[in-house]
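Peer 1: need a structure here:
(one chain, ligands or ions: 1)
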Amino acid sequence: MTKRRILAGGIAQESHSFNPIRMGRDSFTITAGADAVARARRTNSTLGGIIDAADAVGAEVIVPTLYRAQSGGPVEDSVFAEMKAIMLEAARRGDFDAIALPLHGGMLTPTLHDPEGVLMQELRAIVGPDVPLTAAFDLHAHVTPEILATCDLLAAYLTNPHADQGATGLRAGRAALAMLDGTLKPALAWAHLPMLTLGNDRTDEEPLQGLQARAAAAVASGAVHDASIFNAQQFLDVPGLGQVVMAYSNGDVTAAKALVSELAADLWNARTRLIGRYPSLNDCLARAVAGAPRPLILGDQGDRVAAGAPGDSTVILHALLGLGMDLPAAMPITDPDAVAQCRAAAVGATVTVTVGGRFSTVAPPVTLTGEVISAGEGASLIYQGPAEKGQRAYVGPFAVLRVGALKVVLTARPYSYIDPEYYRVMGVEPRDQKVVVTRSGYHFTLNYAAIGECITVDTPGMSSYRVKELPFTVARPFYPVDEITLTPQVQVKG
Ligand SMILES: [Zn+2]
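Peer 2: Alright, predicted model coming up:
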């Protein structure tokens, strides 16, 4: 038998409808071919999981291209078009048996609210109905009817904070191979719920923990083949925003339908419990000043680059400055002009620059005078994990300004800082601080747990869970912005 081949690739980015900064090609890490496979093999990534599935049975993964970027504003149409052209050309060449796509599922372009669905539909149009097409998505994906109609099996992360990227890719890869073997005929049941989870949406806490456990038990018992609960990126002003509960039976859809019916009803009934509350910034900083035993690692809830916000909010910077400059602290600000000014002055110079507050307008810019202690054209890092351990990332132009004991890490582009290595490659050691700020709400808690106490703090801004303050129009009505009467409806395919 000839070696089976799986086509994998595409684009992975999470967009924020209200971030006005479009993401261009230079925000993406682009890999392809044997290099992409070598970089992803044995990493906790969706492509790594697809490769694991293939390696286990002696199959080969071919990657025409893979574009990856951090979360941010919508991606330029030209970037999506360039990636899609490469993928479609590879699909036309053929010479593969199945497709398994490592995507995010929550991307936008200025003209498309479902680019992943467009990619899948155009691939399907080329390969026809009989080639298995599966995908691995973040559980914050925006899952559309078009995706579900086109994709044979869609697997979501089962964890938030996300720790199972590789396992998700493995599910998608194995499903494609099982379809080739003829041992799997996915039959889908799914339900859409017009609601958001906002703040109480960790999968290691109730109510999602229990719902995920029931889905996992149904898979483990063999009642269904696979099950996913998509909690959706909360800042997509798109048609059909909300949760999607889905399960696949192997063959007869009955068991999947029953599981989805139960889980969707219970998720809808739990909607008020999924709206969380966060500790106040001032309370957290007071603890740091009073001498908390470990560094406090703060997630800036209102300006989470991990959720697509711009990362230039000065809310926490104002608060830190208000404490005086003696508290060892590190905080990031996206500001290309300030980076250029600091780099022009060079390391060791004292400069006065105005930083932040350009796109995040909930607090004004801050003028700082300090010493440039580090600067560069860019730096590479490898996530130490556990989340996304082994993942390579790159920071572009940067400078670190020291103001008393405060280190303000300035970058030309936004980063989530979900791994301490972001700070380290720019010359700041998080362990040496009393307060470290990240632009993340959940994921940093895994990778900083060994360093300090991780707390997401209640700050205003573009990624605040106070969604009634955001200009949603297209996505409405949805809970909790709107009160909705609903009995969840289960749909089936296959
Ligand atoms: Zn996510």
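Peer 1: can you tell me how far the nearest residue to residue 278 once chain neighbours are set aside sits from residue 418?
Peer 2: Once flanking residues are discounted, residue 278 sits nearest to residue 458: 3.8 Å by CB to CB, 6 or more residues apart in numbering. Bear in mind the C-beta positions are built from the backbone N, C-alpha and C, glycine included. Residue 458 sits 19 Å away from residue 418, going by CB to CB, to the nearest Å.
Peer 1: who has more neighbours out of those two?
Peer 2: Neighbour tally, residue 458 and residue 418, criterion other CB atoms under 10 Å: the higher count belongs to residue 418, 30 against 19.
Peer 1: who touches that one in this structure?
Peer 2: Each residue near residue 418 by CB atoms under 8 Å, 6 or more residues apart in numbering is listed here: 306, 383, 387, 388, 438, 440, 443, 444, 447.
Peer 1: tell me which residues touch the last one, please.
Peer 2: Taking CB under 8 Å, 6+ apart as the criterion, residue 447 is in contact with 383, 384, 385, 386, 387, 418, 419, 420.
Peer 1: how about the residue of the stretch 151-300 of the chain found nearest the ion, what does it touch?
Peer 2: Closest to the ion within the stretch 151-300 of the chain is residue 162: 5.6 Å, counting by CB to the ion. Residue 162 makes contact with 138, 139, 387, 388, 442, 443, according to CB under 8 Å, 6+ apart.
Peer 1: looking at the residues you listed, which has the most residues close by?
Peer 2: Among the contacts of residue 162, the one with the most neighbours (other CB under 10 Å) is residue 139, at 29 neighbours.
Peer 1: quick check: which element contains that residue?
Peer 2: Taking DSSP states H and E as the definition, residue 139 sits outside all helices and strands.
Peer 1: give me the nearest residue to residue 191, chain neighbours excluded.
Peer 2: residue 264 (3.7 Å).
Peer 1: that neighbour falls within a strand, correct?
Peer 2: No. Counting by DSSP: H, G, I helix; E, B strand; the rest coil, residue 264 is not found in a strand; it is helix.
Peer 1: ok, it touching residue 488?
Peer 2: Yes. Contact criterion CB atoms under 8 Å: residue 264 and residue 488 qualify, at 4.0 Å.
Peer 1: anything in contact with each of these two?
Peer 2: Jointly contacting residue 264 and residue 488 under the rule CB under 8 Å, 6+ apart are 191, 193.
Peer 1: of these two, which one has the most company?
Peer 2: residue 264 (26 against 20).
Peer 1: now do the strands in the stretch 151-300 of the chain.
Peer 2: Here the stretch 151-300 of the chain has its strands, by DSSP state E, counting those that start in this stretch, at 153-156, 186-193, 226-230, 243-250, 296-300.
Peer 1: tell me which of those strands sits most buried.
Peer 2: Neighbour counts (mean count of other CB atoms under 10 Å) averaged over each of the strands of the stretch 151-300 of the chain peak at strand 153-156, with a mean of 28.
Peer 1: contacts for that one next, please.
Peer 2: Residues outside strand 153-156 that contact it (CB under 8 Å, 6+ apart) are 132, 134-139, 141, 143, 147-148, 168-169, 171-172, 175-176, 179, 184, 186, 225-226, 228-230, 246, 248.
Peer 1: next one: stretch 257-267
Peer 2: 189-191, 193, 195, 207, 211, 214-215, 218, 223-224, 227, 229, 243, 245-247, 249, 488, 490, 492.
Peer 1: just the helices in the stretch 251-400 of the chain please.
Peer 2: Secondary structure of the stretch 251-400 of the chain (DSSP state H, counting those that start in this stretch): helices located at 254-269, 281-290, 315-322, 336-345.
Peer 1: in this structure, which residue sits nearest the ion?
Peer 2: Nearest residue of the chain to the ion (CB to the ion) works out as residue 140 at 3.5 Å.
Peer 1: may I see the buried residues of the lowest-mean-pLDDT helix or strand in the chain?
Peer 2: None of the helices or strands of the chain scores lower by mean pLDDT, DSSP states H and E than strand 392-395, at a mean of 91. Residues of strand 392-395 classed as buried: 392, 393, 395 (neighbour count, 16 or more other CB atoms under 10 Å).
Peer 1: I'd like the residues you listed as JSON lines, with distance to the ion appended.
Peer 2: Compiled in JSON lines, the buried residues of strand 392-395 are given as follows (distance: CB to the ion, whole Å):
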{"residue": "392", "distance to the ion": "19"}
{"residue": "393", "distance to the ion": "16"}
{"residue": "395", "distance to the ion": "21"}
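Peer 1: packing partners for the lengthiest strand in the chain?
Peer 2: For the chain, the longest strand by residue count, based on DSSP state E, is strand 366-376. Judged by 3 or more CB pairs under 8 Å, 6 or more residues apart in numbering; DSSP states H and E, the packing partners of strand 366-376 are helix 315-322, helix 336-345, strand 350-355, strand 398-403, strand 406-411.
Peer 1: how does the chain divide up, domain by domain?
Peer 2: 5-274, 281-464 (automatic domain parsing).
Peer 1: how far does the shortest one sit from its chain's centre?
Peer 2: Going back to what we said before, that points to domain 281-464. Distance of domain 281-464 from the chain centroid (CA atoms, centre = their mean, to the nearest Å) equals 19 Å.
Peer 1: again, but for the first one
Peer 2: Using CA atoms, centre = their mean, the mean C-alpha position of domain 5-274 is found 12 Å from that of the whole chain.
Peer 1: okay, now the unreliable bits of the chain?
Peer 2: 1 (pLDDT under 70).
Peer 1: get me the contact residues on the stretch 51-200 of the chain for the ion.
Peer 2: The stretch 51-200 of the chain comes close to the ion at residues 138, 140, as judged by CB under 5 Å from the ion.
Peer 1: quick one: the helices in the stretch 51-200 of the chain, in order.
Peer 2: With DSSP H, counting those that start in this stretch as the criterion, the stretch 51-200 of the chain has helices at 77-93, 115-127, 145-150, 165-181.
Peer 1: so which of those helices is the most surrounded?
Peer 2: helix 165-181 (a mean of 24).
Peer 1: measure how buried the closest residue to residue 74 other than its chain neighbours is and give me the count.
Peer 2: Residue nearest to residue 74 in three dimensions, not counting chain neighbours: residue 108, with 4.1 Å by CB to CB, 6+ apart. Neighbour count for residue 108, taken as other CB under 10 Å: 27.
Peer 1: surely residue 108 meets residue 15?
Peer 2: Yes. Counting by CB under 8 Å, residue 15 is a contact partner of residue 108 at 3.8 Å.
Peer 1: now do the shared contacts for those two.
Peer 2: Here residue 108 and residue 15 have 74, 75, 236 as joint contacts, going by CB under 8 Å, 6+ apart.
Peer 1: out of those, who has the most neighbours?
Peer 2: When neighbours are counted by other CB under 10 Å, residue 236 leads the shared contacts of residue 108 and residue 15 with 29 neighbours.
Peer 1: sorry, back to before: using TSV, lay out the strands of the stretch 151-300 of the chain together with distance to residue 453.
Peer 2: TSV is the format used below for the strands of the stretch 151-300 of the chain (distance: least, CB to CB, whole Å):
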stretch	distance to residue 453
strand 153-156	29
strand 186-193	34
strand 226-230	29
strand 243-250	31
strand 296-300	6
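Peer 1: among the ones you listed, which is nearest residue 87?
Peer 2: If you check each of these against residue 87 by CB to CB, strand 153-156 wins as the nearest, at 17.3 Å.
Peer 1: quick one: strands adjacent to the closest one?
Peer 2: If you go by DSSP bridges, strand 153-156 pairs up with strand 133-137 (parallel).
Peer 1: so what touches the partner strand?
Peer 2: Strand 133-137 is contacted by residues 46, 49-50, 98-105, 116, 120, 123-124, 127, 143, 147, 150-157, 165, 168-169, 171-173, 175-176, 179, 228, 230 when judged by CB under 8 Å, 6+ apart.
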